[in-house]
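Q: sequence first, then the predicted structure:
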Amino acid sequence: MGIIKKEWKHKCIDCNKNVQRKETKRCIVCHKIKGQKGSNNHHWKGGIKMTPKGYIMIYKPNNPSSLVNGYMLEHRYIMEKSLNRFLKDDEVVHHINGIKSDNRIENLKIMSNSEHMSFHNKGEKNGMSKKNKKRREFRE
């Protein structure tokens, strides 16, 4: 019985190990570590995506404000660049015109969390939100 010799297609671009599959540039170990993140992922769309609530997320994996997946809110990043510092946890970036995807610096205002809450709660009486007031008026 003869020995079957493996035919190596090419070397891994990261660790230089032999790779058998011609459709990949990395060995299986390097592919799991490096090959699926950021611009190396075949689903990559430029590092920009929209949240269900309408905010724009951008890929900034080295920013302390980024989530586990490396994305952060674009309006917070723009404010950080404008202030030339990272935002504190209790600082909120408010969209002046109310359009969550309008991240021009002239449309952004930095507020404390309590200032932001009181701004959005203006006109509320007895803890009733504007939305609940409309529902109550509709029922009556």
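A: In hand now; what should we look at?

Q: all strands of the chain, in order?
A: Residue ranges of the strands in the chain, as given by DSSP state E, are 10-11, 18-19, 48-50, 56-59, 71-73, 91-95, 108-112.

Q: of these, which approaches residue 30 most closely?
A: Closest to residue 30 of the strands of the chain, according to CB to CB: strand 18-19, at 9.2 Å. C-betas here are computed from N, CA, C, even on glycine.

Q: for the record, mean pLDDT for that closest one?
A: For strand 18-19, mean pLDDT is 80.

Q: list of residues touching it?
A: 8, 9, 10, 11, 12, 25, 26, 27 (CB atoms under 8 Å, 6 or more residues apart in numbering).

Q: in its sheet, what does it sit against?
A: According to DSSP bridges, strand 18-19 forms sheet pairs with strand 10-11 (antiparallel).

Q: whichever of the contacts of strand 18-19 end up buried, select them in ChimeraX.
A: In ChimeraX syntax, the buried subset of the contacts of strand 18-19 is picked out as below (16 or more other CB atoms under 10 Å):
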select :12,25,26,27
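
Q: how is this protein partitioned into domains?
A: The chain breaks down into these domains under automatic domain parsing: 10-39, 48-124.

Q: ok, residue 76 - contacts?
A: Applying CB under 8 Å, 6+ apart, the residues contacting residue 76 are 65, 87, 93.

Q: quick one, which of the residues you listed are buried?
A: Those of the contacts of residue 76 that meet the buried threshold are 87, 93, by 16+ other CB under 10 Å.

Q: which of the contacts of residue 76 has the weakest pLDDT?
A: residue 65 (88).

Q: ok, the residue nearest the centre of the chain - contacts?
A: With distances taken as CA atoms, centre = their mean, residue 71 lies nearest the centre of the chain, 2.5 Å away. Residues near residue 71 by CB under 8 Å, 6+ apart: 47, 49, 57, 58, 59, 60.
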